[in-house]
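Undergrad: My questions concern the predicted model and sequence given below.
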There are 2 protein chains.
Amino acid sequence: MSRILRAGLVQQSCGADREKNLQASTAGIREAVARGAQLVLLQELHTGPYFCQHESTALFDLAESIPGPSTEYLGALAKELGVVIVGSLFEKRALGLYHNTAVVLERDGTLAGKYRKMHIPDDPGYYEKFYFTPGDAGTGVAGTPGDLGFTPIQTSVGKLGLLVCWDQWYPEAARLMALAGAELLLYPTAIGWNRADDAAEQARQREAWITIQRGHAVANGLPVLVANRIGFEPDPSGQTQGAQFWGSSFVAGPQGEFLGQAGGEGAEVLVVDVDLERSENVRRWWPFLRDRRIDAYGELVRRFRD
Amino acid sequence: MSRILRAGLVQQSCGADREKNLQASTAGIREAVARGAQLVLLQELHTGPYFCQHESTALFDLAESIPGPSTEYLGALAKELGVVIVGSLFEKRALGLYHNTAVVLERDGTLAGKYRKMHIPDDPGYYEKFYFTPGDAGTGVAGTPGDLGFTPIQTSVGKLGLLVCWDQWYPEAARLMALAGAELLLYPTAIGWNRADDAAEQARQREAWITIQRGHAVANGLPVLVANRIGFEPDPSGQTQGAQFWGSSFVAGPQGEFLGQAGGEGAEVLVVDVDLERSENVRRWWPFLRDRRIDAYGELVRRFRD
């Protein structure tokens, strides 16, 4: 028994020209579909440079509504190609209220759902707290008003546990998606090195990033798909030495095993077969959900146990 | 700035003779101390074979009280050598009430604390639910009656987040220990392969086991120490082909990086320097605790979100 989902990941660099970036994504999506992909995952904020390297009020001009230009464009493409597309954009929800939002376009072109990044980073070169309001906590019940938070998105290719970048460091996010029936975890990402760090530190960071996400696959017995950008982007403010995005997009199976991995430097379209039936088998051997100590987990909602 | 803790892990095989097993552990502890270890971690249920391969009421005779023979023996050794020892035993708490319990002996020989395994597995060859009552949920406040659950143990070498084997698959357990101020996570373990599985499956299992625990190090920015047994132990009931314990004891730093790793087959004393100050630095770069969405984690105490 197997239930194969062929998934495509587009790993690309992004420059200042939105149209060129979209063309590169489009070419990647078309290639993935030509190679049989039924689902394509784009990286985080794929229409432009990673603009959060500095804080500038002018950059809120980059934000768009949902529905809006990106969802219309990706929706038309999804419909033309008959593929489910996961995109990422800077969302303007209201005046003074912006999110880092991932969107899912169904193969008929409709918006299957969206996810607003819940965990927002803020460190030198990644000033996201300036731009992005954290996603609403949500009701946890899909299809109701305010249903966002950690809510999977139902699509024709499965129930997607869509999260974004910094969320990938939080086992809680992965677990909540799994508990809500997600069949896959997906992480559009933009993560890179500070050139001031030495090679050993850079290697530890990349490996930590891969390891923790493979760990989410293991803990929850489901596949994980991660698309990260590549290329060097200078810091417009000159405060840091800029960001060298490390690519390394990958797909892991429900035991955390690598099903496919892209390189760290070049543009790449990774196409991987994921057997969704395998999660069933793995969870029979290792039924972690069976033994969770929900009677003893109450303190997880505390900031610290002091 | 650095604050080095030299830690020793004893990886050994165990036969039917309790005294011989204890002698092997003792030799490992003495060697680790001779090499400068201030803390020594033994594997799970190190005084005998992994008896849970079958269910037999006669085996409850193996259980002991706390304090009892194991804590007295290890306490005397800890005092003699001036080292903190983490052991593991089959605890008889009351008639018909048994636990899989890890104990910490302070370097003055006193019992610094104990931890009763919270997550109890049960699959062919690992019939632990027959023998072990899951640990109490606990109050979460160390030093109060019923303070077990996920409560770290304060020692002269740091606050130990002591967990046991199957707990290692649960990010919740690691997080709760970190939230309670644990400086290290420690996992006495007995995990092996079923010989009926092919080499690829065996490799995936071992790698999953390593990956998820390195993931706990990353998620919580603290070092992880894991001691696992080695050797083949037949299944007395003949139901399975027995267990081939895979060793591979290791120590990971707060970015999940390997600080040391034992082999998969032979007895070994692994001695590794862990810089506890490094957790401070790593958590400044990657302050995951800062951004936890405790307002949106409430559903973690549900079995499933259906």
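TA: Cool, the structure landed. What you see is a predicted model; the values in this text were computed from it and never measured.
Undergrad: biggest strand in chain A by residues?
TA: Counting by DSSP state E, the longest strand found in chain A is strand A:84-94.
Undergrad: elements contacting it?
TA: strand A:39-41, helix A:69-81, strand A:97-105, strand A:111-116, strand A:184-189 (3 or more CB pairs under 8 Å, 6 or more residues apart in numbering or on different chains; DSSP states H and E). C-betas here are computed from N, CA, C, even on glycine.
Undergrad: who does the second one touch, helix- and strand-wise?
TA: Using 3+ CB pairs under 8 Å, 6+ apart as the contact criterion, the neighbours of helix A:69-81 among helices and strands are helix A:18-34, strand A:84-94, strand A:97-105.
Undergrad: Measure how far that helix is from the centre of its chain, please.
TA: How far helix A:69-81 lies from its chain's middle: 18 Å, per CA atoms, centre = their mean, to the nearest Å.
Undergrad: So for it, mean pLDDT?
TA: Taken as a whole, helix A:69-81 has an average pLDDT of 98.
Undergrad: Report the angle between it and strand A:84-94.
TA: 160 degrees (axes from the mean of the first three to the mean of the last three CA atoms, to 10 degrees).
Undergrad: Helix A:69-81: which residues count as buried?
TA: Neighbour-count burial for helix A:69-81 flags A:70-71, A:73-75, A:77-79, A:81 (criterion: 16 or more other CB atoms under 10 Å in any protein chain shown).
Undergrad: ok and the residue in the stretch 1-150 of chain A nearest chain B?
TA: Nearest to chain B, among the residues of the stretch 1-150 of chain A, is residue A:137, at 3.8 Å (CB to the nearest CB).
Undergrad: mind listing what residue A:211 touches?
TA: Taking CB atoms under 8 Å, 6 or more residues apart in numbering or on different chains, we find residue A:211 in contact with B:211, B:214-215, B:218, B:256.
Undergrad: Is residue A:270 bridged to anything, and to what?
TA: The bridge-partner assignment for residue A:270, based on DSSP bridges, gives residue A:9.
Undergrad: Return the top helix by length along chain A as PDB; C-alpha atoms alone will do.
TA: Counting residues, the longest helix found in chain A (DSSP state H) is helix A:199-220. Provided in PDB are the C-alpha atoms of helix A:199-220 (Å, rounded to 0.1, in the frame of the first residue of the first chain):
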ATOM      1  CA  ALA A 199      32.800  28.300   9.100                       C
ATOM      2  CA  ALA A 200      32.300  26.000  12.100                       C
ATOM      3  CA  GLU A 201      29.600  28.300  13.500                       C
ATOM      4  CA  GLN A 202      27.900  28.400  10.100                       C
ATOM      5  CA  ALA A 203      27.900  24.700   9.800                       C
ATOM      6  CA  ARG A 204      26.400  24.300  13.300                       C
ATOM      7  CA  GLN A 205      23.600  26.700  12.500                       C
ATOM      8  CA  ARG A 206      22.700  25.000   9.200                       C
ATOM      9  CA  GLU A 207      22.900  21.600  10.800                       C
ATOM     10  CA  ALA A 208      20.700  22.700  13.800                       C
ATOM     11  CA  TRP A 209      18.100  24.000  11.400                       C
ATOM     12  CA  ILE A 210      18.000  20.700   9.500                       C
ATOM     13  CA  THR A 211      18.100  18.600  12.700                       C
ATOM     14  CA  ILE A 212      15.200  20.300  14.500                       C
ATOM     15  CA  GLN A 213      12.900  20.100  11.500                       C
ATOM     16  CA  ARG A 214      13.800  16.400  11.000                       C
ATOM     17  CA  GLY A 215      13.000  16.100  14.700                       C
ATOM     18  CA  HIS A 216       9.500  17.400  14.100                       C
ATOM     19  CA  ALA A 217       9.000  14.700  11.500                       C
ATOM     20  CA  VAL A 218      10.100  12.100  14.000                       C
ATOM     21  CA  ALA A 219       8.100  13.400  16.900                       C
ATOM     22  CA  ASN A 220       4.900  13.600  14.900                       C
END
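Undergrad: and the angle from that helix to helix B:199-220?
TA: Interaxial angle, helix A:199-220 versus helix B:199-220 (the same axes, to 10 degrees): 110 degrees.
Undergrad: Can you name the next helix or strand after helix A:199-220?
TA: Of the helices and strands lying after helix A:199-220 in sequence (DSSP states H and E), the nearest is strand A:224-228.
Undergrad: and the residue of the stretch 51-200 of chain A nearest chain B?
TA: Closest contact between the stretch 51-200 of chain A and chain B, by CB to the nearest CB, is at residue A:171 (3.3 Å).
Undergrad: so what's that residue closest to, chain neighbours aside?
TA: Excluding the flanking residues, the one nearest residue A:171 by CB to CB, 6 or more residues apart in numbering or on different chains is residue B:171, at 3.3 Å.
Undergrad: List the contacts of that neighbour.
TA: Counted by CB under 8 Å, 6+ apart, residue B:171 has contacts A:171-172, A:174-175, A:215, A:219, B:212, B:215-216, B:219.
Undergrad: what do you get for residue A:4?
TA: Shown in contact with residue A:4 (CB under 8 Å, 6+ apart): A:273-276.
Undergrad: residue at max distance from the center of chain A?
TA: In chain A, the greatest distance from the average C-alpha position (CA atoms, centre = their mean) is reached by residue A:306, at 33.2 Å.
Undergrad: what about it, distance to residue A:299?
TA: Using CB to CB, to the nearest Å, one gets 11 Å for the distance from residue A:306 to residue A:299.
Undergrad: Look at the residue of the stretch 1-150 of chain A closest to chain B and report its pLDDT.
TA: 92.
Undergrad: Just to check, it is in contact with residue B:295?
TA: Yes: taking contacts as CB atoms under 8 Å, residue A:137 lies within contact range of residue B:295: 4.8 Å.
Undergrad: more crowded one of those two?
TA: Neighbours were counted for residue A:137 and for residue B:295 using other CB atoms under 10 Å in any protein chain shown; residue A:137 has more, 18 against 13.
Undergrad: did I read that right, that one in a helix?
TA: No: under DSSP: H, G, I helix; E, B strand; the rest coil, residue A:137 sits outside any helix and is assigned coil.
Undergrad: Now tabulate the contacts of residue A:211 in CSV and tack on pLDDT.
TA: Formatted as CSV, the contacts of residue A:211 follow (pLDDT from 0 to 100):
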residue, pLDDT
B:211, 98
B:214, 98
B:215, 98
B:218, 98
B:256, 98
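Undergrad: Can you name the residue of chain A nearest chain B?
TA: For chain A, CB to the nearest CB, closest residue to chain B: residue A:215, 2.5 Å.
Undergrad: what sits against that residue?
TA: Contact analysis of residue A:215 by CB under 8 Å, 6+ apart lists A:171, A:256, B:171, B:211-212, B:214-216, B:218-219.
Undergrad: so where do the strands sit in the stretch 151-300 of chain A?
TA: A:153-155, A:158-162, A:184-189, A:192-194, A:224-228, A:230-233, A:243-246, A:250-252, A:258-261, A:268-275 (DSSP state E, counting those that start in this stretch).
Undergrad: Give me every residue in the stretch 51-200 of chain A that's in contact range of chain B.
TA: Proximity of the stretch 51-200 of chain A to chain B (CB under 8 Å from any CB of the partner chain) is limited to residues A:118-121, A:123, A:134, A:137-138, A:140, A:149-150, A:166, A:169-176, A:179-181.
Undergrad: okay, now residue A:64: neighbour count?
TA: Other residues close to residue A:64 by other CB under 10 Å number 17.
Undergrad: Please report phi then psi for it.
TA: phi -140, psi 160 (degrees, to the nearest 10).
Undergrad: next one: the one 3 residues further on
TA: Backbone geometry at residue A:67, expressed as degrees, to the nearest 10, gives phi -70, psi 160.
Undergrad: Quick check: chain neighbours aside, which residue is closest to it?
TA: Counting by CB to CB, 6+ apart, residue A:111 is the residue found nearest to residue A:67 once chain neighbours are left out, at 6.4 Å.
Undergrad: State the distance from residue A:227 to residue A:182.
TA: 17 Å.
Undergrad: the more surrounded of those two?
TA: The residue with more neighbours, out of residue A:227 and residue A:182, is residue A:227; 30 against 24, by other CB under 10 Å.
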